[in-house]
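In: Please find the sequence and the predicted model below.
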Protein chains: 2
Amino acid sequence: MYGFNAVTLDKKGRLLIPARYRDDLQLQKHNKIVITKDPQYSSLKVYASSEWEHISKKLESLQGLDPIVRNLQWTILGNAYECHLDVYGRMLLRIPTDLQIYSEIQNQKQIALVGMGNKFEIWNIKNWEMRQTGGPLSTEILDVVLPESIKSMSF
Amino acid sequence: MYGFNAVTLDKKGRLLIPARYRDDLQLQKHNKIVITKDPQYSSLKVYASSEWEHISKKLESLQGLDPIVRNLQWTILGNAYECHLDVYGRMLLRIPTDLQIYSEIQNQKQIALVGMGNKFEIWNIKNWEMRQTGGPLSTEILDVVLPESIKSMSF
DNA sequence: ACAGAATCCGGCTTACAAACCAACTCACTT
DNA sequence: AAGTGAGTTGGTTTGTAAGCCGGATTCTGT
């Protein structure tokens, strides 16, 4: 499940997950997904439940004395919410208000869905476009030195 | 499959790939190809699905907290689209509008196809010619220090 | 506690775009 | 020169998504 998709919220605030994403998420079994904050950018990350199991277990197992690790745990685990899809693959945007504010999508009609393989991301569409036009390799300044324990992790 | 080919983009945004490219991509298994942005230049890259599997898995597994890695993931994974061959085995690619804009091929009749062995690239024909003659491109490589994890990768 | 109101949620419909298919042309081969 | 395969184009079909509607459920105020 890759690629960008602009998605509209209906009047009820529901978000339809495009069919090609749905199929790849293996949502047949339980229509359950987990949505949480991106620890670095103003966006949200959405995982199929199986993928979430994997990530959360790994995060939990990290030793919690390192302040960077604690911050990651707080951000990712502490802001994770389960969502369910209806039979048409619609997700009611009952994303908690603080997550909506965090990702700057409150009251936005158009939202960007970006498939990244094992997950997808939700962006304010303007922010996503700015990322795209800002130059493919433009860097953000990462002012912390990552501890070894999370060097091998991908979220 | 190497070398340059001039090809036309039809009114529906479709691009017919000459048979010799198709034959060399080893598409026997799944008639599936992936088209995505080139992270460094205003051009597009087309991979056979087997090659794509390899690249995407590797990219997904990289340290997702490094901003350069994330930019690469966004550009390559977040803009990847699947295409299929038609029933007669012809490669008629529908290029998404945003990719047409990125590669500056929108409303261009003549497009450059450049075979690069296990993949091929799609260029605005003027940009390709300028590349050949050393002229300026609208997008230049950004001077960043690549993390070790992607130094050994080829896209 | 009950009635009215507001919100929630599933189903249905319609419009549209993408995938499919068929027909025609061109070029190359034998 | 005729036949075959490749390239081109446009029409048709089908699947998807977005809006709409109405029943259900929860909430609120009296």
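Out: It's in.
In: any idea where the strands of chain A begin and end?
Out: Counting by DSSP state E, chain A forms strands over residues A:2-8, A:14-16, A:32-37, A:44-48, A:81-84, A:90-92, A:110-116, A:120-124, given from the N-terminal end onward.
In: Count residues in the vicinity of A:Thr133, would you?
Out: Burial of A:Thr133, expressed as a neighbour count using other C-beta atoms under 10 Å in any protein chain shown, amounts to 10. C-beta coordinates here come from the backbone N, C-alpha and C atoms, glycine included.
In: quick one on the thing from earlier: figure out which of the strands of chain A is closest to B:Phe4.
Out: Minimum separation from B:Phe4 across those (C-beta to C-beta) falls at strand A:2-8, 27.4 Å.
In: just to revisit the earlier point, between the strands of chain A, which gets the lowest average pLDDT?
Out: Comparing mean pLDDT across the strands of chain A, the lowest value falls on strand A:90-92: a mean of 81.
In: Does DNA strand D have contacts with that one?
Out: No - between strand A:90-92 and DNA strand D, judged by C-beta under 7 Å from any atom of the strand, nothing touches; the nearest distance is 8.1 Å.
In: which residues are contacting that strand?
Out: Residues from elsewhere that reach strand A:90-92 (C-beta atoms under 8 Å, 6 or more residues apart in numbering or on different chains): A:12-17, A:33, A:83-86.
In: Flag every buried residue along that strand.
Out: Of the residues in strand A:90-92, A:Met91 count as buried by neighbour count, 16 or more other C-beta atoms under 10 Å in any protein chain shown.
In: Sketch out the helices for chain A, chain order is fine.
Out: Counting by DSSP state H, the segments of chain A that form helices are A:19-24, A:49-61, A:67-72, A:97-103, A:125-133, A:148-151.
In: export the ones you listed to a markdown table and tack on mean pLDDT and distance to A:Leu113?
Out: Output for the helices of chain A, formatted as a markdown table (pLDDT from 0 to 100; distance: least, C-beta to C-beta, whole Å):
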| stretch | mean pLDDT | distance to A:Leu113 |
| --- | --- | --- |
| helix A:19-24 | 83 | 7 |
| helix A:49-61 | 90 | 16 |
| helix A:67-72 | 88 | 24 |
| helix A:97-103 | 85 | 12 |
| helix A:125-133 | 88 | 9 |
| helix A:148-151 | 74 | 26 |
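In: quick revisit: cross-check the contacts of strand A:90-92 against DNA strand D and keep the overlap.
Out: Counting by C-beta under 7 Å from any atom of the strand, the subset of those that neighbours DNA strand D consists of A:12, A:16.
In: Pull the most distant pair out of the contacts of strand A:90-92.
Out: When the contacts of strand A:90-92 are compared pair by pair using C-beta to C-beta, the farthest-apart members prove to be A:Lys12 and A:Ile33, with a separation of 18.6 Å.
In: neighbour-wise, which of those two wins?
Out: Set side by side, A:Lys12 and A:Ile33 show more neighbours around A:Ile33, with 22 against 8, by other C-beta under 10 Å.
In: Return the residues in contact with that one.
Out: For A:Ile33, the contact set (C-beta under 8 Å, 6+ apart) comprises A:25, A:27, A:46-49, A:52, A:82-85, A:91.
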